[in-house]
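**Q** Provided below are the primary sequence and the corresponding predicted coordinates.
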Amino acid sequence: MNQNDMKKAAALEAVKYIKEGDILGVGTGSTVNFFIENLAPLKDKIKGAVSSSLASAERLKKIGIPVLDLNDVEEFDVYIDGADEINGNLEMIKGGGAALTREKIVAAVAKKFVCIVDETKLVSTLGAFPLPIEVIPMARNYVSREMIKMGGRPVYRSNVITDNGNSIIDIHDLMIKSPKDLEKRINMIPGVVTVGLFAHRGADVLIIGGHDGVKIIDGSKTGSTGIRGEMQK
């Protein structure tokens, strides 16, 4: 089973979390694209979707699912999105597709966040994947200097403008042992729109597509390992 097959398996499993008449939150990325493809047969049963990116919104519209403005939706049951890295406590790095701010907003409104990944994204310590930060353009160099003080190596993601009109800095060489603390510290830097650490609002359920099939970590349970989720097949 190759990586795309693992992504497709996780995406298909996520469809089970959809109920008739639901409003969905839909994220961004290659695994989410497979999930959107699986929604086509269900389009008449889904009331609508809130999208975290313009690209995903267009994909949803193409298969006939109404895209709603988040300001018109008080809450919804489930948000489906991927991750660039995720640990056993269901804390993650997101933002490889530059949609981190909208993803974090949509995740905050959802009652349940279901994260779909292939097994290569599950890690013991976050940070091998460069940590994205969305910044106001005039603050790019200032934020970069502050991140150097924290031990990171900032790299400006050139030729990328977010859907909000901002810039992205990717922070390399971090070993993130306290994701919640680091998320708070970075978000307090003037000029930061948000950081791609999803620790204070992590996933509730993690669906992992792997060579041995699909596994699920339910964040409402605590396994013998002490992590926030209990693995199930």
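**A** Nice, thanks for sending it over.
**Q** which parts of the longest helix belonging to the chain are buried?
**A** Secondary structure assigned by DSSP state H gives helix 3-14 as the longest helix of the chain. By 16 or more other C-beta atoms under 10 Å, the buried positions in helix 3-14 come out as 6-14. All C-beta atoms are positioned from the backbone trio N, CA, C, and that covers glycine.
**Q** same for that helix, what does it pack against?
**A** Applying 3 or more C-beta pairs under 8 Å, 6 or more residues apart in numbering; DSSP states H and E, one finds that helix 3-14 contacts helix 30-39, strand 110-118, strand 205-210, strand 213-218.
**Q** and the contacts of that helix?
**A** Residues outside helix 3-14 that contact it (C-beta atoms under 8 Å, 6 or more residues apart in numbering) are 1, 30-32, 34-35, 37-38, 80, 114, 116-120, 207-211, 213-214, 216.
**Q** please check those residues and keep the buried ones.
**A** Buried, going by 16+ other C-beta under 10 Å: 31-32, 34-35, 38, 80, 114, 116-119, 207-210, 214, 216, out of those.
**Q** dump the helices and strands packed on helix 3-14 to JSON lines, plus distance to residue 84 and mean pLDDT.
**A** Shown next, in JSON lines, are the helices and strands packed on helix 3-14 (distance: least, C-beta to C-beta, whole Å; pLDDT from 0 to 100):
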{"stretch": "helix 30-39", "distance to residue 84": "11", "mean pLDDT": "94"}
{"stretch": "strand 110-118", "distance to residue 84": "9", "mean pLDDT": "96"}
{"stretch": "strand 205-210", "distance to residue 84": "14", "mean pLDDT": "96"}
{"stretch": "strand 213-218", "distance to residue 84": "17", "mean pLDDT": "94"}
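**Q** with distance to residue 73 added, can I get those in a markdown table?
**A** Formatted as a markdown table, the helices and strands packed on helix 3-14 follow (distance: least, C-beta to C-beta, whole Å):
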| stretch | distance to residue 73 |
| --- | --- |
| helix 30-39 | 17 |
| strand 110-118 | 10 |
| strand 205-210 | 21 |
| strand 213-218 | 26 |
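**Q** quick one, helices of this structure?
**A** With helices called from DSSP H, the chain shows them at 3-14, 30-39, 54-62, 100-109, 140-149, 179-187.
**Q** can you list these in JSON lines and add distance to residue 85?
**A** Output for those, formatted as JSON lines (distance: least, C-beta to C-beta, whole Å):
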{"stretch": "helix 3-14", "distance to residue 85": "15"}
{"stretch": "helix 30-39", "distance to residue 85": "13"}
{"stretch": "helix 54-62", "distance to residue 85": "20"}
{"stretch": "helix 100-109", "distance to residue 85": "13"}
{"stretch": "helix 140-149", "distance to residue 85": "18"}
{"stretch": "helix 179-187", "distance to residue 85": "10"}
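**Q** so which of the ones you listed gets nearest residue 76?
**A** With C-beta to C-beta, the closest approach to residue 76 among the helices of the chain belongs to helix 100-109: 6.8 Å.
**Q** mind listing what's buried along that closest one?
**A** Applying 16+ other C-beta under 10 Å to helix 100-109 flags 100-104, 106-107 as buried.
**Q** what is the burial count for the nearest residue to residue 70 once chain neighbours are set aside?
**A** Distances taken as C-beta to C-beta, 6 or more residues apart in numbering place residue 50 nearest to residue 70, at 5.0 Å, with adjacent residues excluded. By other C-beta atoms under 10 Å, 25 other residues sit near residue 50.
**Q** hmm, back to that, out of the helices and strands packed on helix 3-14, flag the one nearest residue 171.
**A** Per C-beta to C-beta, nearest to residue 171 of the helices and strands packed on helix 3-14: strand 110-118, 20.9 Å.
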